[in-house]
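> Okay, structure incoming, though there's no sequence with it:
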């Protein structure tokens with residue numbers, strides 16, 4: 001397989017008046033922590049935003065990371081629609097999907113996802129609450145595209161059942177990367193910002 005792609009979803013609206021991925025955490029936009037976690041072997045990085053106005057806001061950051069900004073539109077409210085957009089946008093035979101609001105994710109974890117996608121058509125972590133994380137995962141593009149095209153009405157749970165060989169990763173098994181499973185931590189309120197900043201400052205000491 002050739003070089004993988006990565007798509008970071010920043011189409012999440014505003015957070016405290018700022019486009020969510022650009023909200024500063026410990027001095028830099030939170031999406032930067034996610035972009036920093038993308039492994040070097042990824043050859044094509046996309047940042048998916050809601051509209052053209054968001055695209056211009058993210059362009060300087062995209063240039064810095066040699067990334068492309070793509071407009072997904074608003075209203076992608078479920079993981080199937082997000083992943084269909086990804087399948088139609090990425091250039092690689094396999095791709096990594098990440099959210100813009102997970103500033104504690106690490107390259108060690110994302111590298112594992114990318115490497116595992118060489119063997120499995122979908123590599124799907126389970127969160128500590130045992131939910132499948134479709135948008136912090138990796139996929140082979142062509143098998144997923146085939147299932148989408150032949151099953152237009154199915155949700156992601158059913159889509160994955162039709163993907164032969166998809167693998168689920170229990171949260172317990174993922175503790176080898178982070179005992180506290182911080183890769184699943186998402187910023188949704190001011191308390192989350194404070195928690196992320198405390199953690200990041202500890203790391204930088």
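Received it, and whenever you're ready, just let me know what you need. Being a predicted model, the structure only gives us computed values, none of them experimental.

> switch to C-alpha atoms for all contacts and neighbour counts from now on
Fine.

> Next, the buried residues of the longest helix belonging to the chain.
If you go by DSSP state H, the chain has its longest helix at helix 190-204. Within helix 190-204, the residues that count as buried by 16 or more other C-alpha atoms under 10 Å are 193, 196-197, 200.

> Just name the lowest-scoring one in the residues you listed, pLDDT-wise.
Looking at these, model confidence by pLDDT dips furthest at residue 200: 89.

> how far away is it from residue 106?
To residue 106, residue 200 is 12 Å away according to C-alpha to C-alpha, to the nearest Å.

> now swap in residue 65 and tell me
17 Å.

> which one of the two has more residues nearby?
Neighbours were counted for residue 65 and for residue 106 using other C-alpha atoms under 10 Å; residue 106 has more, 20 against 14.

> Wait, that one touches residue 183, no?
Yes. Using C-alpha atoms under 8 Å, residue 106 is in contact with residue 183, at 6.9 Å.

> For this structure, which segments count as helices?
30-36, 52-64, 79-89, 107-116, 141-150, 156-162, 190-204.

> Can I get those in JSON lines including distance to residue 8?
Output for the helices of the chain, formatted as JSON lines (distance: least, C-alpha to C-alpha, whole Å):
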{"stretch": "helix 30-36", "distance to residue 8": "8"}
{"stretch": "helix 52-64", "distance to residue 8": "11"}
{"stretch": "helix 79-89", "distance to residue 8": "9"}
{"stretch": "helix 107-116", "distance to residue 8": "12"}
{"stretch": "helix 141-150", "distance to residue 8": "16"}
{"stretch": "helix 156-162", "distance to residue 8": "18"}
{"stretch": "helix 190-204", "distance to residue 8": "19"}
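
> got any ranges where the protein has weak pLDDT?
Within the chain, the stretches with pLDDT under 70 are 1, 74-77, 204-205.

> List the contacts of stretch 193-205.
Stretch 193-205 has contacts (C-alpha atoms under 8 Å, 6 or more residues apart in numbering) with 25-26, 103-104, 187.

> re the thing from before, so which of the helices of the chain is nearest residue 177?
Residue 177 lies closest to helix 107-116 among those, at 6.1 Å (C-alpha to C-alpha).

> From the rest of the structure, what touches that closest one?
Contacts of helix 107-116 (C-alpha under 8 Å, 6+ apart): 4, 36-39, 95-96, 123, 137-138, 177, 183.

> Please narrow the residues you listed to those residing in strands.
95-96, 123, 137-138 (DSSP state E).

> And the furthest pair within the residues you listed?
Going by C-alpha to C-alpha, the pair spanning these furthest: 95 and 123, at 10.4 Å.
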